[in-house]
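>>> Structural data only, the sequence is not supplied:
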C-alpha cells in the first residue's frame, strides 16, 4: 500500500514538474523536489522499490535541470 502511495506522489510530482521544464520557470523545481523527496521517503518504508526508484529518478532529473538553470548555487 505504501508503494502505491509513493507511486501516486511520484506521478503528482511528475505532472507538477512539466511546467517548470519550460525556460524561465525552473524555479518551480524548488517546490516540486520536496514532494518527490516525501515520495521517496514513503517508498523507502515500503517492501517494494518501484515507488522509491520513481521518486529518486525524478529528484535526479529535476535537480539536474535546476543545476543547469543556475538554481543551485
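Yep, that arrived. Computed from a predicted structure; not experimentally measured.

>>> could you say which helix or strand contains the residue nearest to the spatial centre of the chain?
Nearest to the geometric centre of the chain sits residue 36, at 3.3 Å (Cα atoms, centre = their mean). According to DSSP states H and E, residue 36 maps onto helix 29-45.

>>> Quick one: residues contacting residue 15.
Residues near residue 15 by Cβ atoms under 8 Å, 6 or more residues apart in numbering: none. For the C-beta atoms, the positions are set from N, CA and C on the backbone; glycine is no exception.

>>> ok, the nearest residue to residue 21 once chain neighbours are set aside - contacts?
Nearest non-adjacent residue to residue 21, counting by Cβ to Cβ, 6 or more residues apart in numbering: residue 65, 6.7 Å away. By Cβ under 8 Å, 6+ apart, the residues touching residue 65 are 20, 21, 26, 29.

>>> Run the angle between the longest helix seen in the chain and helix 29-45 for me.
If you go by DSSP state H, the chain has its longest helix at helix 50-68. On the basis of axes from the mean of the first three to the mean of the last three Cα atoms, to 10 degrees, helix 50-68 is oriented at 160 degrees to helix 29-45.

>>> average pLDDT across helix 50-68?
In this model, helix 50-68 has a mean pLDDT of 92.

>>> What residues sit buried inside it?
Buried residues in helix 50-68, counted by 16 or more other Cβ atoms under 10 Å: 51, 52, 54, 55, 56, 58, 59, 62, 66.

>>> how many other residues sit next to residue 16?
Here the count is done by other Cβ atoms under 10 Å, and residue 16 has 16 residues near it.

>>> ok, now which ones touch it?
Shown in contact with residue 16 (Cβ under 8 Å, 6+ apart): 28, 31, 32, 35.

>>> top of those by neighbour count?
With neighbours defined as other Cβ under 10 Å, the most crowded of these is residue 32; it has 22 neighbours.

>>> so it touches residue 62, yeah?
Yes - assessed by Cβ atoms under 8 Å, residue 32 is found in contact with residue 62 at 5.9 Å.
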